[in-house]
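1. Build me a model from this:
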Amino acid sequence: MNKRWYNSYLIAKDYYLNNNDLLPGYHTYYKGFYLGKWVVRQRQLQKQGKLSLTKKNLLDEIKMVWDLREYHWQKNFQIVKEYYDKFHNLHLPAEYLQQSMWLANQKQLYVKNKLPKDHEVLLNSIGIKEVSPRNKWQDNFALAKTYYEQHGNLLVPKDYKIGSVNLRNWINNQRKAYKDNRLSEERINKLNSIGMIWSVNEYKKQEAFKYIEKYYQKHGNLFVLPNYVIDGFNLGKYLKNQRILYHNQQIDLDIKKRLDEYHYQWNLDSKWYYKYLLAKDYFQKHGNLLIPYHYVVDNIKLGFWIHTQRNNYRENKLSSTQVALLNEIKMVWNAQNERFNNKKLDDINNLKQVRFRLTTLLNEVLNEYNQTANLSEVQDDIAQRVRQKL
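-> Alright, predicted model coming up:
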């Protein structure tokens, strides 16, 4: 026995002690070692008669399963037998779905006389002859029902399988049969009882408009940032995709009609408008758009954005709609002139205030002196009071 094999065995033993079995999946990577592949290789060597007795005995000590098919057969049989011993029949309920399908398969093999003798004996002991052939549609429906109970819907992922059944394919087949009027009323009712979605596209549309309505009720518009997510739904991405479809003339006309009812702007960049709304809020609070260059709000560099709009305006890169919207909030297209005019206005206001204060002081002094007072004395008193006040 080489050291490398024994080290691998020790890892397998550790797995067994921690999991109480030696049934790792084929791709199981355990403690830096591809244990699943190693276990499969040991089975192959044993089947080919190339595994030494010493190695086999060591693996037997940690409950090595040499025949997986037989192992699973016996496991299913034991579950069914326990049910039979308790209830004295083989009418397995929904929670025994896997065993029901297994039992139906055994019945088919039994009828065709294709069962190994030892399996036949065991199945006879629990009354296999009483088992009726199962309805395949009913079996698949039971799988769909189980999925619905676990996930709350029938939006089954691609390649989702339960045993050998590709549940998504089966669901899609039911949709096609319904569309082609090939599905009985009984089956339609059964599928409706577990929330069958007959049109995935229609379902997704209705779900999207739930979030659209919620956003609109809160904000009064649909100016949504490109990656805005609401309750796990990427509303920004959805609207962006609809805008792309609109410009490519591929949009669902019903979606366009419904978005038009929310006054959706097909030609206005929602990211631009979101920043515009921040600028509008600033205007309403400050009365102007003379925003400092480094001013930031909601992680948006609003001062820089306003500066960019001025540049775009000079280069004729703004649409007429954008210009009109900015003019509504008194956009200053030449901020330098505006600041100069504001400074000039402030200087004038300051001079007016000084003149008013001087006039007030002069009146106070004149009221205190009579006409016979010495002019020089009055002038000195006025000068002293001015120095105190200003």
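2. alpha carbons only for contacts and neighbour counts from here, please
-> OK.
3. What are the contacting residues of stretch 266-279?
-> For stretch 266-279, contacts defined as CA atoms under 8 Å, 6 or more residues apart in numbering pick out 222-226, 243, 246, 289, 297, 300, 302, 305-306, 326.
4. scratch that, stretch 47-54
-> The contact list for stretch 47-54 (CA under 8 Å, 6+ apart) reads Gln42, Leu45.
5. if we go to 6 Å?
-> With CA atoms under 6 Å, 6 or more residues apart in numbering as the test, stretch 47-54 has contacts from Leu45.
6. For it, the averaged confidence score.
-> Averaged across stretch 47-54, the pLDDT comes to 94.
7. again with stretch 154-171
-> Averaged across stretch 154-171, the pLDDT comes to 84.
8. ok, and what's touching it?
-> Stretch 154-171 has contacts (CA under 6 Å, 6+ apart) with Tyr148.
9. For this structure, name the helix or strand with the lowest mean pLDDT.
-> Least confident helix or strand, the chain: helix 335-368 with a mean of 61, by mean pLDDT, DSSP states H and E.
10. Where does His72 fall, secondary structure wise?
-> helix 68-87 (DSSP states H and E).
11. Centre of the chain to that helix, how far?
-> Here the centre of helix 68-87 is set off from its chain's centre by 41 Å, with CA atoms, centre = their mean, to the nearest Å.
12. Extract the C-alpha trace of it and format it as PDB.
-> Only the C-alpha atoms of helix 68-87 are listed here, as PDB (Å, rounded to 0.1, in the frame of the first residue of the first chain):
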ATOM      1  CA  LEU A  68     -24.700   2.700  -5.700                       C
ATOM      2  CA  ARG A  69     -27.600   1.500  -7.700                       C
ATOM      3  CA  GLU A  70     -28.300  -1.300  -5.200                       C
ATOM      4  CA  TYR A  71     -27.800   1.000  -2.300                       C
ATOM      5  CA  HIS A  72     -30.400   3.400  -3.500                       C
ATOM      6  CA  TRP A  73     -32.800   0.600  -4.400                       C
ATOM      7  CA  GLN A  74     -32.500  -0.800  -0.900                       C
ATOM      8  CA  LYS A  75     -33.000   2.600   0.600                       C
ATOM      9  CA  ASN A  76     -36.200   3.300  -1.300                       C
ATOM     10  CA  PHE A  77     -37.400  -0.200  -0.500                       C
ATOM     11  CA  GLN A  78     -36.900   0.300   3.200                       C
ATOM     12  CA  ILE A  79     -38.900   3.500   3.200                       C
ATOM     13  CA  VAL A  80     -41.700   1.900   1.300                       C
ATOM     14  CA  LYS A  81     -41.600  -1.200   3.600                       C
ATOM     15  CA  GLU A  82     -41.800   1.000   6.700                       C
ATOM     16  CA  TYR A  83     -44.900   2.700   5.300                       C
ATOM     17  CA  TYR A  84     -46.400  -0.700   4.300                       C
ATOM     18  CA  ASP A  85     -45.800  -2.200   7.700                       C
ATOM     19  CA  LYS A  86     -47.500   0.700   9.400                       C
ATOM     20  CA  PHE A  87     -50.600   1.300   7.100                       C
END
